[in-house]
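Peer 1: Only the shape, not the letters, is given here:
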């Protein structure tokens, strides 16, 4: 395989994976009960699937400008975030509750990817404040504005 086809292959694989996840999420949103609780996820997942499939087919046909692709270093930088996202989606949101798990995952991601020094108390305080604001926005958006179902378990 030539190095010029590697970015295209990365794009096809990544967009195919995103499209598969989108189809799976849409299928779940259309098949779960009570159906009223999944109205908002149905709308979002449908739009997501259309855009993901469009991107995937463009990549398959070679109509997408893909740039240089991701290096091994870039992939290594993305891996911790991917692991946290998978733990959040497949376990934490259900076990700890949407808002608690979301705040924990957000704080961990912010701590991993924030370039500010980790030895200063003020940067940890800033991260904590940003996490609280994130949690308030998520609560306001989902619970108050949209009034949609979120996984509720241990805390809320």
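Peer 2: It's in. Owing to the predicted nature of the structure, the values given are computational and were not obtained by experimental measurement.

Peer 1: And the longest helix along the chain, how far out from the chain middle?
Peer 2: In the chain, assigned by DSSP state H, the helix with the most residues is helix 6-31. Computed by C-alpha atoms, centre = their mean, to the nearest Å, the chain-centroid distance of helix 6-31 equals 13 Å.

Peer 1: For that helix, which residues meet the burial criterion?
Peer 2: 7-8, 10-12, 14-16, 18-19, 22, 25-26, 29 (16 or more other C-beta atoms under 10 Å). Any C-beta I mention is one placed from the backbone N, CA and C, and that applies to glycine too.

Peer 1: do stretch 120-134 as well
Peer 2: 124, 127, 131.

Peer 1: residues in contact with it?
Peer 2: 102, 103, 106, 107, 110, 111, 114, 116, 117, 118 (C-beta atoms under 8 Å, 6 or more residues apart in numbering).

Peer 1: what does stretch 77-93 give?
Peer 2: By C-beta under 8 Å, 6+ apart, the list of residues contacting stretch 77-93 reads 70, 101, 102, 104, 105, 108, 109, 112, 113, 151.

Peer 1: Against residue 146, how distant is the fifth one?
Peer 2: The gap separating residue 105 from residue 146 is 20 Å, by C-beta to C-beta, to the nearest Å.

Peer 1: So if I had to pick from these two, which one is more boxed in?
Peer 2: Taking other C-beta atoms under 10 Å, residue 105 and residue 146 do not tie; residue 105 has more neighbours (20 against 12).

Peer 1: Please compute how far stretch 106-125 lies from its chain's middle.
Peer 2: In terms of C-alpha atoms, centre = their mean, the gap separating the centre of stretch 106-125 from the centre of its chain is 20 Å.

Peer 1: Also stretch 27-46?
Peer 2: 18 Å.

Peer 1: what is the rounded mean pLDDT of that stretch?
Peer 2: Per-residue pLDDT over stretch 27-46 has a mean of 81.

Peer 1: what comes up buried for it?
Peer 2: Applying 16+ other C-beta under 10 Å to stretch 27-46 flags 29, 38, 41, 42, 45 as buried.

Peer 1: farthest-separated two in the residues you listed?
Peer 2: 38 and 45 (8.9 Å; C-beta to C-beta).
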